[in-house]
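Novice: quick one, fold the following:
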Amino acid sequence: MSEIKIVTDSSITIEPELIKELDITVVPLTVMVDGVVYSDNDLKEEGKFRALAKNSKTLPKTSQPPVGLFAETYEHLLKEGAEHIVAIHITHALSGTVEASRQGANIAGADVTVLDSSFTDQAMKFQVVAAARAAKNGSSLEEVLAKIEEVKKKTELFIGVSTLENLVKGGRIGRVTGLISSLLNIRVVMELKDHVLNPVAKGRGNKTFNKWLDSFIAHIKDRKVAEIGISYAGTAELANGLRDKLQAHVEKEIAVFETGSVIQTHTGEGAFAVMVHYE
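Specialist: All right, here's what the predicted structure looks like:
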């Protein structure tokens, strides 16, 4: 039986016990706050990054893991007995991580299949966990890759933001849209699909989010939902409210987590993401 190891990056939002149980390797991105560089993995404690960002004089900046760190990671896994490595990363629309991973694999001379998840956060977790479970159960490389693709095709990610300021400053969304939205105090819900953030709802105040939620419930009502994940930037109040309304539509308990520093940098405070994986 071939030894397949699963690698991902720290833009994933995942239970620490799952990382340990499934032997998943998480390579950290970095965040620079007021000139100080932090490993994303060191900012996972609830509220830690939020406190740093609130006191920051400028917008924090994120960076993909260094190519050399990927090379070291892959060399280490080879020494540990990995025959093949599958690396699943944040969409290239938000980070250059996937390309750094490919370059690191080339330097290490490792047999690595590097995949762009098309997502991030818990939507990427769906793929990573499915791959790690399949590998742990002795699946072949082809079977692991097929499982990842199957999960990807059955996943949707929606993100609601209270301000587009961070996405605009970070170059992740058009400046004109951001200017109009900030002037009108508009809330926006977008779907991340095919590496593009597409607005699906916008309006003033939190009623925008509630209206979108009603349409989302109608959207999933007649579909078989395997799991839903909710992540947030800021406080958990809005996310918990979303969970309470969505739990009846899925058997598995909905996971609610604060997202990592990388995603919070892009979204700003008061954002949420709802991610769904269909059967």
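Novice: mind listing what's buried along stretch 60-68?
Specialist: By neighbour count on 16 or more other Cβ atoms under 10 Å, the buried set for stretch 60-68 is 60, 62-65, 67. The way it works is simple: take the backbone N, C-alpha and C, and place the C-beta from them, glycine included.
Novice: and the contacts of that stretch?
Specialist: Contacts with stretch 60-68, where a contact means Cβ atoms under 8 Å, 6 or more residues apart in numbering, come from 9, 27-33, 52-53, 95-97, 99-101, 103-104, 107, 170, 261-262, 265-266.
Novice: swap in stretch 19-30?
Specialist: For stretch 19-30, the surrounding residues in contact (Cβ under 8 Å, 6+ apart) are 5-12, 14, 18, 37-42, 62-65, 69-70, 73, 77, 95, 97, 101, 128-129, 132-133, 136, 262.
Novice: hmm, which of the residues you listed are the buried ones?
Specialist: Buried members of the contacts of stretch 19-30, counted by 16+ other Cβ under 10 Å: 5-12, 14, 38, 40, 62-65, 69-70, 73, 77, 95, 97, 101, 128-129, 132-133, 262.
Novice: which parts of the stretch 101-250 of the chain are strands?
Specialist: Listed in chain order, the strands of the stretch 101-250 of the chain (DSSP state E, counting those that start in this stretch) span 112-116, 155-161, 186-193, 196-204, 225-233.
Novice: in the third one, what's buried?
Specialist: Using 16+ other Cβ under 10 Å as the burial criterion, the residues of strand 186-193 that qualify are 186-190, 192.
Novice: same check, this time on the shortest one
Specialist: Judged by neighbour count (16+ other Cβ under 10 Å), strand 112-116 contains these buried residues: 112, 114-116.
Novice: closest one to residue 217 out of these, please.
Specialist: residue 116 (29.8 Å; Cβ to Cβ).
Novice: CSV for the buried residues of strand 186-193, including distance to residue 255 and pLDDT?
Specialist: Converted to CSV, the buried residues of strand 186-193 look like this (distance: Cβ to Cβ, whole Å; pLDDT from 0 to 100):
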residue, distance to residue 255, pLDDT
186, 29, 80
187, 24, 86
188, 24, 88
189, 20, 92
190, 21, 90
192, 18, 93
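Novice: and which of those is nearest residue 207?
Specialist: residue 187 (8.4 Å).
Novice: so which of the contacts of stretch 19-30 belong to helices?
Specialist: Those of those mapping onto helices are 18, 69-70, 73, 77, 97, 101, 128-129, 132-133, 136, 262, per DSSP state H.
Novice: returning to that earlier point: out of the buried residues of stretch 60-68, which one has the weakest pLDDT?
Specialist: Among those, residue 60 carries the weakest pLDDT, at 84.
Novice: from residue 3, how far off is that residue?
Specialist: Using Cβ to Cβ, to the nearest Å, we find residue 60 at a distance of 38 Å from residue 3.
Novice: isn't residue 47 up against residue 258?
Specialist: Yes - with contact defined as Cβ atoms under 8 Å, residue 47 reaches residue 258; the gap is 7.3 Å.
Novice: of the two, who's got more company?
Specialist: Neighbours per residue (other Cβ atoms under 10 Å) separate residue 47 from residue 258, with residue 258 holding more: 22 against 12.
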